[in-house]
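**Student:** kindly return the folded structure for what I paste below:
(2 chains)
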There are 2 protein chains.
Amino acid sequence: MSRVYNFSAGPAALPEEVLKKAAEELPEYRDTGMSVMEMSHRSAEFIEIFNETESLLREIMNIPENYKVLFLQGGASSQFAMVPMNLFNKSKKCDLIHTGNWTKKAISEAKRYGRVNIVASSEDRNFSYIPELDKSKFDSEADYFYICTNNTIYGTRYRELPHTGDVPLVADMSSNILSEPVDLNRFGIIFAGAQKNIGPAGLTIVIIRDDLIGNAMDITPTMFNYKTHADNNSMFNTPPTYCIYIAKLVFEMIKKKGGLAEIEKINSYKAELLYDHLDNSKMFKSTVEKKYRSLMNIPFITGSDELDAKFIKEAAQEGLVTLKGHRSVGGMRASIYNAMPVEGVQKLIEFMKTFEKENS
Amino acid sequence: MSRVYNFSAGPAALPEEVLKKAAEELPEYRDTGMSVMEMSHRSAEFIEIFNETESLLREIMNIPENYKVLFLQGGASSQFAMVPMNLFNKSKKCDLIHTGNWTKKAISEAKRYGRVNIVASSEDRNFSYIPELDKSKFDSEADYFYICTNNTIYGTRYRELPHTGDVPLVADMSSNILSEPVDLNRFGIIFAGAQKNIGPAGLTIVIIRDDLIGNAMDITPTMFNYKTHADNNSMFNTPPTYCIYIAKLVFEMIKKKGGLAEIEKINSYKAELLYDHLDNSKMFKSTVEKKYRSLMNIPFITGSDELDAKFIKEAAQEGLVTLKGHRSVGGMRASIYNAMPVEGVQKLIEFMKTFEKENS
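**Tutor:** Below is the predicted model:
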């Protein structure tokens, strides 16, 4: 089969040029006589790759000097524990906005180490929107304020960030990091699993403001203490070296394309194409309120399970794959991360038109 | 530069045929139209890879039915906390044999959650041997008994395992897993970071007896609880999918070569070649007592820092790289894991002979 358009929510499509370069360099990296996979993480060759990866990310995201970038393992699921274990050090309370499965997991883990104050929730309408905020519910004594900036499953995203004053804002940005510019100064911590917009599964990036490092709870495992990794430049133990190398190739591509401002334009264009079609279709419709629609994850339904299944099956035959929606929403979901070309979205829309005509 | 012989202690050389196959399949895996890196971990295609990986490992290592195989992240360094957090559930005491840096780290982490009884140590002679055991020092109430079967830095290995009765034996096998057959029934848990004999850094394999799962301490993060991963077949969160795929290619190669019994013969042959040379050389000598010499990591010294440095530099020019020893031992270290061909060891010995002649 020739290359498909892969709408997987994660692990997700990577840029074709990254895969080609990686394949070329896999058996032997430049003139080192070995694969990147085989390099000691303390070798000059790998340290160069590592430093370049961090430096590219700092440049692309415009990361201020007083923030550390950590290259970790364990996914967002590990961050659900690391965040409370490292930040519950004064009131042992946090504020949180509940917008779906991922904040649910963050809540249940944080509750094991302190108190979670849910200041707003969109659970009443199956997480199809981002809730309005009543600032009087914010706790100025909270150790942190937690959000998930883009919900992969429900396809929502924040258009405005909450103003949390001196309380550090912590954001799970797994499914929309690098999709648009962000002002890091608004955050205390952002974290993201790599497997959507960064690289292969197995790498987790944490960007953390200096002053939030070094006051973990006593029970925190050494590997779950941000200080361990900050003090050792992410080399306390062996980092996931090959995933970091692939991330570097992805960051190079983002820079070449003109950075996040340009990436955002393309992402907005792709998303608008698909939302416009959904809003004009008689068969397909979006499940998310207009104001809060994600640029990355676009769930849609026909209203008929049978028709949904037929669509998913026939789309796959056309090379439009992994379109099945998450069971919490049903129907379809098109995840259109940075690596999804405009042509992929156009082909999907064309197929939706054909399918609608044939099945009306 | 053409392919070098890479004596790195880890991340380490991978079999050349594995790298070639991985490079071929990198842009597109079989007829899926996508890279393995791009596959949803819940897709039929990846589940097939995943199941095949586990099934090959079970076959190669002859893993009994009542043991779970977990594909995790975070390296041995995470296991240093996971083991006590999961097993300190009765006396909160463990026995441990101290044989170098890695057991030192295991001790300091375990001490944070319970009591560590060091039943024997080889620290008195810079960890150049495995200590004899005085069984009267064993604590029959210990929740577990901990060893590191092969010390990567000092180049020692156990020839006989301690008999610990009903106390489960836990082994860090990071640097000698898959180098020789082991009787799993002797162990409660074995674990290993992938980056020596399994695959790329970023994957950690834990093999755990069923009855040791499910009694973790209350403070254990969900991701550090073996039960989380055992109950979800290592798919509670996204596993390091590409590392798992490379591990599968490595396991296939081991099976093709005739399994661990054959691998052990080759490893013994390679190690004997090098130890024989060291024992007969006037310039180079082994730092480890004969009885306890590792098949995988072979430190050696000339006794002169200047000569060591010259050797390392000139060896690299001959394509024999990453031979610098760890600072705890000094001199050189040749790590000759499964992927090091016999020819690599022979070329190293030839170069040692030439160097000795030219510098005597």
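
**Student:** all strands of chain A, in order?
**Tutor:** Ranges of strands in chain A, per DSSP state E, are A:5-6, A:67-72, A:93-98, A:115-121, A:144-148, A:150-151, A:156-157, A:169-172, A:189-193, A:204-209, A:285-286, A:297-301, A:320-321, A:332-335.

**Student:** closest to residue A:241 out of those?
**Tutor:** Residue A:241 lies closest, by CB to CB, to one member of these: strand A:67-72, at 9.5 Å. Backbone N, C-alpha and C define where each C-beta goes, glycine included.

**Student:** pull the residues that contact the closest one.
**Tutor:** Strand A:67-72 is contacted by residues A:50, A:53-54, A:57-58, A:63, A:78, A:184, A:203-210, A:213, A:226, A:229-230, A:234, A:239-240, A:244 when judged by CB atoms under 8 Å, 6 or more residues apart in numbering or on different chains.

**Student:** residue A:103 and residue A:96 touch, don't they?
**Tutor:** Yes. With contact defined as CB atoms under 8 Å, residue A:103 counts as touching residue A:96 (6.4 Å).

**Student:** intersection of neighbour lists for these two?
**Tutor:** Overlap between the contact sets of residue A:103 and residue A:96, as judged by CB under 8 Å, 6+ apart, is given by A:146-147.

**Student:** show me what contacts residue A:306?
**Tutor:** Counting by CB under 8 Å, 6+ apart, residue A:306 makes contact with nothing.

**Student:** to clarify, my last question referred to residue A:34.
**Tutor:** The neighbourhood of residue A:34, defined by CB under 8 Å, 6+ apart, consists of A:28, B:3-4, B:6, B:13, B:321.

**Student:** in those, which residue is surrounded by the most others?
**Tutor:** Neighbour counts for the contacts of residue A:34, by other CB atoms under 10 Å in any protein chain shown, peak at residue B:13, which reaches 29 neighbours.

**Student:** can you pull the contacts of it?
**Tutor:** Going by CB under 8 Å, 6+ apart, residue B:13 touches A:34, A:38, B:5-7, B:337, B:339-340.

**Student:** residue A:224 now?
**Tutor:** A:78, A:81-82, A:85-86, A:216, B:81, B:221, B:224.

**Student:** out of the residues you listed, which is nearest to residue A:304?
**Tutor:** When the contacts of residue A:224 are compared against residue A:304 (criterion: CB to CB), the nearest one is residue A:78, at 39.4 Å.

**Student:** ok, for the residue in the stretch 251-360 of chain A positioned nearest to chain B, nearest residue in space, not its chain neighbours?
**Tutor:** Chain B sits closest to residue A:322 of the stretch 251-360 of chain A, with a gap of 5.8 Å, by CB to the nearest CB. Of all residues not flanking residue A:322 in the chain, residue A:8 sits nearest, at 3.9 Å (CB to CB, 6 or more residues apart in numbering or on different chains).

**Student:** help me confirm that the one you found comes into contact with residue B:41.
**Tutor:** No. With contacts counted by CB under 8 Å, residue A:8 stays clear of residue B:41, the gap being 9.5 Å.

**Student:** show me which residues of the stretch 151-300 of chain A are close to chain B?
**Tutor:** Residues of the stretch 151-300 of chain A lying close to chain B (CB under 8 Å from any CB of the partner chain) are A:193, A:195, A:199-203, A:218-219, A:221-224, A:236-243, A:246.

**Student:** ok, 6 Å please
**Tutor:** Neighbours of chain B within the stretch 151-300 of chain A, by CB under 6 Å from any CB of the partner chain: A:195, A:200-202, A:219, A:221-223, A:237-238, A:240-243.

**Student:** count of neighbours near the residue nearest to residue A:129 when sequence neighbours are not counted?
**Tutor:** Excluding its sequence neighbours, the residue lying closest to residue A:129 (CB to CB, 6+ apart) is residue A:289, at 4.3 Å. The tally of other residues near residue A:289 (other CB under 10 Å) stands at 13.

**Student:** residue A:289 and residue A:127 touch, don't they?
**Tutor:** No. Using CB atoms under 6 Å, residue A:289 makes no contact with residue A:127, being 10.6 Å away.

**Student:** other residues contacting stretch A:132-149?
**Tutor:** A:87-88, A:90-91, A:93-97, A:99, A:102-103, A:117, A:119-120, A:158, A:162, A:164, A:167-173, A:176 (CB atoms under 6 Å, 6 or more residues apart in numbering or on different chains).

**Student:** now it: buried residues?
**Tutor:** By neighbour count with 16 or more other CB atoms under 10 Å in any protein chain shown, stretch A:132-149 contains the buried residues A:138-139, A:142-149.

**Student:** how far is the top helix by length along chain A from where the chain is centred?
**Tutor:** Looking across chain A with DSSP state H, the single longest helix is helix A:259-280. In terms of CA atoms, centre = their mean, to the nearest Å, the centre of helix A:259-280 is found 17 Å from the chain centre.

**Student:** what does stretch A:266-281 give?
**Tutor:** 20 Å.

**Student:** neighbours of residue A:217, just the number please.
**Tutor:** Residue A:217, neighbours per other CB under 10 Å, totals 17.

**Student:** not counting its neighbours along the chain, what's nearest it?
**Tutor:** Nearest residue to residue A:217, sequence neighbours excluded (CB to CB, 6+ apart): residue A:85, at 5.2 Å.

**Student:** you'd agree that neighbour is up against residue A:220?
**Tutor:** Yes. Under the criterion of CB under 6 Å, residue A:85 is in contact with residue A:220, at a separation of 4.3 Å.

**Student:** so what's residue A:120 bridging to?
**Tutor:** Beta-bridge pairing of residue A:120 under DSSP bridges involves residue A:97.

**Student:** shouldn't it be in contact with residue A:98?
**Tutor:** No. Using CB under 6 Å, residue A:120 is not in contact with residue A:98, being 7.2 Å away.

**Student:** which of these two has more neighbours?
**Tutor:** More crowded of residue A:120 and residue A:98, by other CB under 10 Å: residue A:98, with 21 against 18.

**Student:** quick one: the nearest residue to that one once chain neighbours are set aside and residue A:253, what's the gap?
**Tutor:** Leaving out its chain neighbours, the residue that sits closest to residue A:98 by CB to CB, 6+ apart is residue A:121, at 3.9 Å. Distance of residue A:121 to residue A:253, computed by CB to CB, to the nearest Å: 37 Å.

**Student:** identify each buried residue in stretch A:206-222, please.
**Tutor:** Across stretch A:206-222, burial judged by 16+ other CB under 10 Å covers A:206-209, A:212-213, A:216-217, A:219-222.

**Student:** now tabulate these in CSV and tack on pLDDT.
**Tutor:** Output for the buried residues of stretch A:206-222, formatted as CSV (pLDDT from 0 to 100):
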residue, pLDDT
A:206, 98
A:207, 98
A:208, 98
A:209, 98
A:212, 98
A:213, 98
A:216, 98
A:217, 98
A:219, 98
A:220, 98
A:221, 98
A:222, 98
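
**Student:** ok, the closest residue in space to residue A:110 that isn't next to it in sequence - contacts?
**Tutor:** Excluding its sequence neighbours, the residue lying closest to residue A:110 (CB to CB, 6+ apart) is residue A:84, at 4.3 Å. Listed by CB under 6 Å, 6+ apart, the contact set of residue A:84 reads A:110, A:113-114.

**Student:** the contacts of residue A:224 in helices, which ones?
**Tutor:** The helices, defined by DSSP H, take in A:78, A:81-82, A:85-86, B:81 from those.

**Student:** who wins for most neighbours among the residues you listed?
**Tutor:** Going by other CB under 10 Å, residue A:82 tops the ones in helices among the contacts of residue A:224 with 30 neighbours.
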